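> have a look at this fold, sequence not included:
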């Protein structure tokens with residue numbers, strides 16, 4: 001039986017050759033929505049539509065709903081972080097299985113995520129939503145400096161700022177990105193510690209691969225006692241969050257000087273920073289490929305036949 005698959009991606013074809021990943025599986029019909037600047041890389045495929053202002057346009061959702069009512073999609077695949085909520089809304093509207101909006105928000109919205117994790121006894125930084133400058137001042141009066149201010153929707157580290165003292169606060173409020181606050185901002189008490197990254201894949205509700213790395217430093221070794229602690233800690237957090245049976249994840253965890261683990265965040269994607277390419281080069285595991293094939297109900301690579309724990313040098 002043929003399947004219609006909608007793919008939302010703004011990645012380079014060299015990173016995500018979707019047609020090659022399902023080569024010889026002619027029952028899979030791929031429909032790609034891509035950014036206008038990426039169109040030439042995918043134009044050899046039969047069903048590709050390009051969009052200007054890919055990250056912010058509302059035309060993607062409109063086109064997906066209209067096309068989905070014509071041909072009925074069996075799967076909506078979101079490759080990048082920016083598409084997670086967009087794809088979830090499309091699935092919910094069209095009645096397609098996969099990550100729904102509640103799950104997508106749990107992995108993208110820092111407030112939703114931390115609320116779920118803290119209620120599940122997973123240690124997270126002290127946090128609060130900021131509605132205005134007075135909210136921020138109240139948080140500082142109670143918890144002091146340093147603080148971390150970032151968008152509610154987790155979008156990487158480019159818009160995450162650490163404010164160490166009152167002078168830095170005044171500078172940020174005067175001319176910086178926090179000159180005007182909105183309900184889309186969260187503040188956290190800064191936690192000092194070694195940052196670790198945990199990337200992996202869940203397929204058919206089972207952990208298939210987990211890769212652990214130390215942030216901007218030498219790699220861990222498999223004998224390092226912190227490695228298994230980080231894996232177990234991340235599993236606990238993921239078990240607390242609502243998720244589909246197939247999931248990619250990128251988590252960040254802090255290890256403090258008092259030997260505590262504090263959960264920073266997790267997203268249901270590993271897109272960004274070249275993480276998948278590093279894992280592929282080091283261990284021959286293509287998490288993007290295997291995640292896509294899992295959703296298509298195809299076999300993963302042989303390297304994922306059983307749970308794989310590796311400690312690569314990913315920074």
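Alright, I've got the coordinates. Computed from a predicted structure; not experimentally measured. Residues are numbered from 1 along each chain as shown.

> residue 251 belongs to a strand?
Yes - according to DSSP: H, G, I helix; E, B strand; the rest coil, residue 251 belongs to a strand.

> can you count the residues close to it?
22 (other C-beta atoms under 10 Å). C-betas here are computed from N, CA, C, even on glycine.

> now do it, the pLDDT please.
Residue 251 carries a pLDDT value of 95.

> same question, residue 158
Looking at residue 158, the pLDDT reads 58.

> repeat for residue 174
85.

> how about residue 153: what's its closest non-neighbour residue?
Spatially, and ignoring its direct neighbours in sequence, residue 153 is nearest to residue 108 (5.3 Å; C-beta to C-beta, 6 or more residues apart in numbering).

> check contacts around that neighbour.
The neighbourhood of residue 108, defined by C-beta atoms under 8 Å, 6 or more residues apart in numbering, consists of 81, 84, 85, 153, 154, 267, 268.

> could you do residue 53 as well?
Neighbours of residue 53 in contact, by C-beta under 8 Å, 6+ apart: none.

> would it count as being in a helix?
No - with three-state DSSP as the criterion, residue 53 is coil rather than part of a helix.

> what separation do you get for it and residue 82?
Distance, residue 53 to residue 82, by C-beta to C-beta, to the nearest Å: 12 Å.

> go on, residue 41?
Residue 41 is 18 Å from residue 82, by C-beta to C-beta.

> out of those two, which sits in the busier spot?
More crowded of residue 41 and residue 82, by other C-beta under 10 Å: residue 82, with 22 against 17.

> mind checking the SS state of the more buried one?
Under three-state DSSP, residue 82 comes out as helix.

> ok so residue 269 is a strand residue?
No - assessed with three-state DSSP, residue 269 is coil; it does not lie in a strand.

> next, the buried residues of stretch 123-139.
Of all the residues in stretch 123-139, those buried under the rule 16 or more other C-beta atoms under 10 Å are 123, 124, 125, 127, 128, 130, 135, 136, 139.

> so where is the stretch 1-150 of the chain shaky, pLDDT-wise?
Scanning the stretch 1-150 of the chain for pLDDT under 70 picks out no residues.

> just give the nearest non-adjacent residue to residue 190, would you?
residue 146 (4.0 Å).

> show me where the stretch 101-250 of the chain has strands.
127-130, 147-151, 161-163, 185-189, 194-203, 206-214, 247-255 (DSSP state E, counting those that start in this stretch).

> just put those strands in TSV and tack on distance to residue 288.
TSV is the format used below for the strands of the stretch 101-250 of the chain (distance: least, C-beta to C-beta, whole Å):
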stretch	distance to residue 288
strand 127-130	31
strand 147-151	25
strand 161-163	30
strand 185-189	29
strand 194-203	10
strand 206-214	12
strand 247-255	8
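
> and the helix ranked longest in the chain, what does it pack onto?
When the chain is parsed with DSSP state H, its longest helix is helix 225-240. Counting contacts by 3 or more C-beta pairs under 8 Å, 6 or more residues apart in numbering; DSSP states H and E, helix 225-240 is packed against helix 110-119, strand 194-203, strand 206-214, strand 247-255, strand 261-267, strand 308-310.

> please convert those to a markdown table, extending it with distance to residue 236.
Listed next are these as a markdown table, based on distance: least, C-beta to C-beta, whole Å:
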| stretch | distance to residue 236 |
| --- | --- |
| helix 110-119 | 9 |
| strand 194-203 | 12 |
| strand 206-214 | 12 |
| strand 247-255 | 11 |
| strand 261-267 | 9 |
| strand 308-310 | 16 |
